[in-house]
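Visitor: okay, sequence plus prediction incoming.
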Amino acid sequence: MNEAALPHEDIASLLKWYVDHGLDETIGEEAVDRFALPPPAAAPAIAPSQGAVAPTPIRAPLQAPMVRAPVPLESPQLAQDARELARRCGTIAELEEAVRAFEGCALKRTAKNTVFADGVAGAPVMVVGEAPGADEDRLGKPFVGVSGQLMDRMFDAIGMSRERDLYITNILFWRPPGNRTPTLAEQAVCVAFTRRHIELARPKVLVLAGGTAAKAMLETTEGIMRLRGKWTSLKLDDGTEVPTMPTFHPAYLLRTPASKRQSWLDLLAIDKKLKELGSK
Ligand code: URA
């Protein structure tokens, strides 16, 4: 349909429909009518464990669409592949390289950047959030938007900074379109890398920011209202355990400032734990 011929209010509804479906950014000048493209030539199926095939670039020329093998992006095999790949990484640098090269998460196809980590690897506190938002996707670093700035101010209140004391990542390395909640399959794949990330970073204390990260890391269906403020222990595959504090996500605190009081108590508990452990 020629959108230019639509009445103004229909264009507004169409834009709203796009945003509701997660299409919140313009990637190309011309819309690609994928139904009008010739069907791709049959390609041999390649199992993810044998090496995934690079995705079709969004701006591929119309006359020469790239052929992509049908990698099943919801397959439990992908989480297994991710665990195996992550296990083979002996350093954070190797893990970062493996994550950047990984093609088994569909979110990578719509994201601008892989968002791996920020702060100091090996710092006493490791913060794990949910997923990059628009600012993080653009800049390639976690928690750099408004909620990240609030998080920085909160840690600053207990004398800690990302330049010196914090190592920050997310359970997902790629922004979900329109900031939708990541599916359980997407979480399972990325969490395989995040668990190894924690093993390699060896923080004294782990902070899980928000319900999605807390549920995924602790493998529970319990909500953040019940989980926050209580120490738990995250058992890693190498047998180590990390004292873990689930807390509210800073984006939630921006929407619900009255909850900052509880987050302040969580921060004080983190401060106390670090002092007990001799890390502060
Ligand atoms: N929210 C998150 O959970 N992580 C980010 O990196 C940014 C916002």
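Guide: Arrived safely, thanks for sending.
Visitor: contacts only, for whichever residue of the stretch 1-150 of the chain sits closest to the ligand.
Guide: The minimum distance from the stretch 1-150 of the chain to the ligand, using C-beta to the nearest ligand atom, falls at G129 (3.0 Å). Where you see a C-beta, it was placed from the backbone N, CA and C, and this is true even at glycine. Applying C-beta atoms under 8 Å, 6 or more residues apart in numbering, one finds that G129 lies in contact with 142-143, 168-171, 209-210, 213, 249.
Visitor: for V144, same thing?
Guide: 118, 135-136.
Visitor: in JSON lines: those residues, plus secondary structure.
Guide: Written out in JSON lines, the entries for these read as follows (DSSP: H, G, I helix; E, B strand; the rest coil):
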{"residue": "D118", "secondary structure": "strand"}
{"residue": "D135", "secondary structure": "helix"}
{"residue": "E136", "secondary structure": "helix"}
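Visitor: okay, and D10 sits in which element?
Guide: Here D10 sits within helix 8-20, counting by DSSP states H and E.
Visitor: now that helix: average pLDDT?
Guide: Confidence over helix 8-20, taken as the mean pLDDT, stands at 72.
Visitor: tell me the buried residues in it?
Guide: Residues of helix 8-20 classed as buried by neighbour count (16 or more other C-beta atoms under 10 Å): none.
Visitor: give the partner strands of the longest strand that the chain contains in its sheet and their orientations.
Guide: With secondary structure taken from DSSP state E, the chain has its longest strand at strand 241-247. If you go by DSSP bridges, strand 241-247 pairs up with strand 205-209 (parallel), strand 232-235 (antiparallel).
Visitor: list just the one of those that sits closest to the ligand.
Guide: Counting by C-beta to the nearest ligand atom, the ligand lies closest to strand 205-209 out of these; the figure is 6.0 Å.
Visitor: now that closest one: how far from the chain's centre is it?
Guide: Shown here is strand 205-209, whose average C-alpha point lies 15 Å from the average C-alpha point of the whole chain (C-alpha atoms, centre = their mean, to the nearest Å).
Visitor: any residue of the helix or strand that that strand is followed by touching the ligand?
Guide: Following strand 205-209 in sequence order, the next helix or strand is helix 211-218 (DSSP H and E). No. Using C-beta under 6 Å from any ligand atom, no contact is recorded between helix 211-218 and the ligand, whose separation bottoms out at 6.9 Å.
Visitor: what helices or strands is helix 211-218 leaning on?
Guide: Helix 211-218 sits against strand 125-129, helix 184-201, strand 205-209, helix 224-227, strand 232-235, strand 241-247, with contacts defined as 3 or more C-beta pairs under 8 Å, 6 or more residues apart in numbering; DSSP states H and E.
Visitor: K273: which element?
Guide: Assigned by DSSP H and E, K273 belongs to helix 260-276.
Visitor: only the buried residues of that helix, if you could.
Guide: 260, 262-263, 266-267, 269-271, 273-274.
Visitor: who is the residue of the stretch 1-150 of the chain closest to the ligand paired with across the strands?
Guide: N170.
Visitor: what's the pLDDT at it?
Guide: pLDDT, G129: 98.
Visitor: show the low-confidence segments of the stretch 51-200 of the chain, by residue range.
Guide: Across the stretch 51-200 of the chain, the stretches falling below the confidence threshold (pLDDT under 70) are 51-74.
Visitor: quick one: the strands in it?
Guide: In the stretch 51-200 of the chain, the strands defined using DSSP state E, counting those that start in this stretch lie at 118-119, 125-129, 166-170.
Visitor: mean neighbour count, the ones you listed: which tops it?
Guide: Of all those, strand 125-129 has the most neighbours on average by mean count of other C-beta atoms under 10 Å, namely a mean of 28.
Visitor: report the angle between it and strand 241-247.
Guide: 50 degrees (axes from the mean of the first three to the mean of the last three C-alpha atoms, to 10 degrees).
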